[in-house]
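Asker: Please find the sequence and the predicted model below.
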Amino acid sequence: MLEVWILQYAYRRALHRKRRLVANHFYRWEELEAALDMGVKRALPGEMPVIAHLS
């Protein structure tokens, strides 16, 4: 019984958080698409380029 209550509580909190993020325009498609376009052109900070050595 306690497990069901915990799952319901967690699910309700997750839905509430998602609604709040959407209401505050956290998910902005224009910025996401721009970041994706920029990310394709350059590596992430700290990411090492992969160099293949053929012997």
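Answerer: Thanks, I have the structure now.

Asker: quick one, strands of the protein?
Answerer: Applying DSSP state E to the chain gives no strands.

Asker: where along it do the helices fall?
Answerer: 2-23, 29-41 (DSSP state H).

Asker: Tell me how many other residues surround Trp5.
Answerer: Neighbour count of Trp5, defined by other CB atoms under 10 Å: 9. Every residue, glycine included, has its C-beta placed from N, CA and C.

Asker: Give me the average confidence score over stretch 38-48.
Answerer: Stretch 38-48 shows a mean pLDDT of 59.

Asker: I meant to write stretch 24-33 there.
Answerer: In the prediction, stretch 24-33 has an average pLDDT of 75.

Asker: Alpha carbons of that stretch, in PDB - could you do that?
Answerer: Only the C-alpha atoms of stretch 24-33 are listed here, as PDB (Å, rounded to 0.1, in the frame of the first residue of the first chain):
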ATOM      1  CA  ASN A  24       7.300  29.200 -17.900                       C
ATOM      2  CA  HIS A  25       8.400  28.500 -21.500                       C
ATOM      3  CA  PHE A  26      11.300  26.400 -20.400                       C
ATOM      4  CA  TYR A  27      11.000  24.400 -23.600                       C
ATOM      5  CA  ARG A  28      11.500  26.900 -26.400                       C
ATOM      6  CA  TRP A  29      11.800  25.100 -29.800                       C
ATOM      7  CA  GLU A  30      13.600  28.000 -31.500                       C
ATOM      8  CA  GLU A  31      16.500  28.000 -29.000                       C
ATOM      9  CA  LEU A  32      16.600  24.200 -29.000                       C
ATOM     10  CA  GLU A  33      16.800  24.100 -32.800                       C
END
